[in-house]
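# below: sequence and its predicted model.
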Amino acid sequence: QKEVEQNSGPLSVPEGAIASLNCTYSDRGSQSFFWYRQYSGKSPELIMSIYSNGDKEDGRFTAQLNKASQYVSLLIRDSQPSDSATYLCAVNNANGGSQGNLIFGKGTKLSVKP
Amino acid sequence: GAVVSQHPSWVICKSGTSVKIECRSLDFQATTMFWYRQFPKQSLMLMATSNEGSKATYEQGVEKDKFLINHASLTLSTLTVTSAHPEDSSFYICSAESSAGYGDTQYFGPGTRLTVL
């Protein structure tokens, strides 16, 4: 059973701090990695995608991928109360039968305190 | 770009009735769409993969005769919950896969909240 593991949290950080969200995955064949943000009662919104080892930065968000360690993380700099949400890590299901299916972690709830 | 819409955004129905939910990719073509269900405070659960012009692929435990999926065009997939019961009350979310750019990215619709009385 392919799995994506996330700490459920809640992760609480003060406004302006760096929030660090972590994710591990079991399928070594996975090639595509995504971070989604989901506000309560809403559907997920894509924040970042990453495909190569290393860092990828987009504004206040930085995704980090280490395929050898099967680890992907999301850093949020200068955290704002509006960043408070559940962050879902998703990894593509690389079994060839359903290429493009995403396997989701259960999400980490982030709370940014003013 | 990459906008996915769903209709209706919420629906309340009586037990035993059928409900149809539409998922549209507005500015791109999607050969593959996915249907998820999310119960309160739980993670997304994939129900089925919908491929344009072919039968949907259902995940284990999902009744294909109860959750009918039709993907008749490259921009529209529908999910019909037949003979709905209160336990079917949930947040139904579709996503569409865009092949633009590198890798396959899924974009989610805003979701449909179904309440079965």
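Nice, thanks for sending it over.
# residues in contact with B:V3?
Residues near B:V3 by Cβ atoms under 8 Å, 6 or more residues apart in numbering or on different chains: B:25-27, B:107. All C-beta atoms are positioned from the backbone trio N, CA, C, and that covers glycine.
# what segments of chain B are strands?
In chain B, the segments counted as strands under DSSP state E are B:4-7, B:10-13, B:19-25, B:32-38, B:45-51, B:57-58, B:67-73, B:76-81, B:90-98, B:105-108, B:112-116.
# quick revisit: adding neighbour count, pLDDT and distance to A:Y39, write the contacts of B:V3 out as JSON lines.
Formatted as JSON lines, the contacts of B:V3 follow (neighbours: other Cβ atoms under 10 Å in any protein chain shown; pLDDT from 0 to 100; distance: Cβ to Cβ, whole Å):
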{"residue": "B:S25", "neighbour count": "24", "pLDDT": "92", "distance to A:Y39": "22"}
{"residue": "B:L26", "neighbour count": "13", "pLDDT": "92", "distance to A:Y39": "21"}
{"residue": "B:D27", "neighbour count": "11", "pLDDT": "87", "distance to A:Y39": "23"}
{"residue": "B:Y107", "neighbour count": "22", "pLDDT": "88", "distance to A:Y39": "16"}
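# closest one of those to A:A90?
Nearest to A:A90 out of the contacts of B:V3 is B:Y107 (Cβ to Cβ; 12.1 Å).
# tell me how far the closest residue to the closest one other than its chain neighbours lies from B:L26.
Distances taken as Cβ to Cβ, 6 or more residues apart in numbering or on different chains put B:A2 closest to B:Y107, at 4.6 Å, once the chain neighbours are dropped. Distance, B:A2 to B:L26, using Cβ to Cβ, to the nearest Å: 9 Å.
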